[in-house]
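Any chance you could fold what I've pasted below:
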Amino acid sequence: MKKYQLLIWCLLIIGFLFNQFLERVLSVHIPFMYSYLDDLLAVPLTLCSYQLFVSLLSKNAHYHLPVSMVVICIIGFSFHFELLMPSISNRYTADLADVWMYMMGGIIYILTTNRLYIKILSQ
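Next up is the predicted model:
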């Protein structure tokens, strides 16, 4: 994994942990962050973690996930957390805005880790 990809992964972890610290330790509930930040970070954090793991395991610093894998991840998160879990547990609530956050997270992942976009941005 390249240094910028590791940096992105670290920033995602820090963002997630900071949000959890605000919510659980300080009991600060900023409406957007409380409702949607975890959903926004879920897809890029999951995919960056997977990419890091595969890159290290295969010793291929240039490994990246295809866009189709990002789409599958978004569909999987949406199905699991917005359809399946609310139907079997009262603890979960279906929210279409969460699906939008998963999609935005997927777009953020593609724009920050896909080599084609990195090359375009660096020119």
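
In stretch 37-54, which residues are buried?
By neighbour count on 16 or more other Cβ atoms under 10 Å, the buried set for stretch 37-54 is 37-48, 51-52. (Glycine included, C-beta is placed from N, CA and C.)

same question, stretch 15-26
Of the residues in stretch 15-26, those buried (16+ other Cβ under 10 Å) are 15-16, 19, 22-23.

ok, Glu23 - contacts?
Glu23 makes contact with 29, 33-34 under the criterion Cβ atoms under 8 Å, 6 or more residues apart in numbering.

May I ask which of those has the most neighbours?
Neighbour counts for the contacts of Glu23 (other Cβ atoms under 10 Å) peak at Met33, which has 16 neighbours.

The nearest residue to that one once chain neighbours are set aside: which element?
Distances taken as Cβ to Cβ, 6 or more residues apart in numbering place Asn19 nearest to Met33, at 5.6 Å, with adjacent residues excluded. Using DSSP states H and E, Asn19 maps to helix 3-20.

looking only at pLDDT, what's the mean for that helix?
For helix 3-20, the mean pLDDT works out to 87.

Can you list the low-confidence ranges for the chain?
Applying pLDDT under 70 to the chain flags the ranges 1-2, 115-123.

So which residues of it form helices?
3-20, 31-32, 38-58, 67-78, 85-88, 96-113, 115-122 (DSSP state H).

The closest residue to Leu96 other than its chain neighbours: neighbouring residues, count only.
Among residues not flanking Leu96 along the chain, Glu82 sits closest, at 7.6 Å (Cβ to Cβ, 6+ apart). Counted by other Cβ under 10 Å, the residues lying close to Glu82 total 20.

Ok, Phe32 next?
Phe32, neighbours per other Cβ under 10 Å, totals 8.

Now for it: which residues touch it?
With Cβ under 8 Å, 6+ apart, Phe32 has no contacts at all.

quick one: it from Leu7, how far?
As for Phe32, its distance to Leu7 is 24 Å (criterion: Cβ to Cβ, to the nearest Å).
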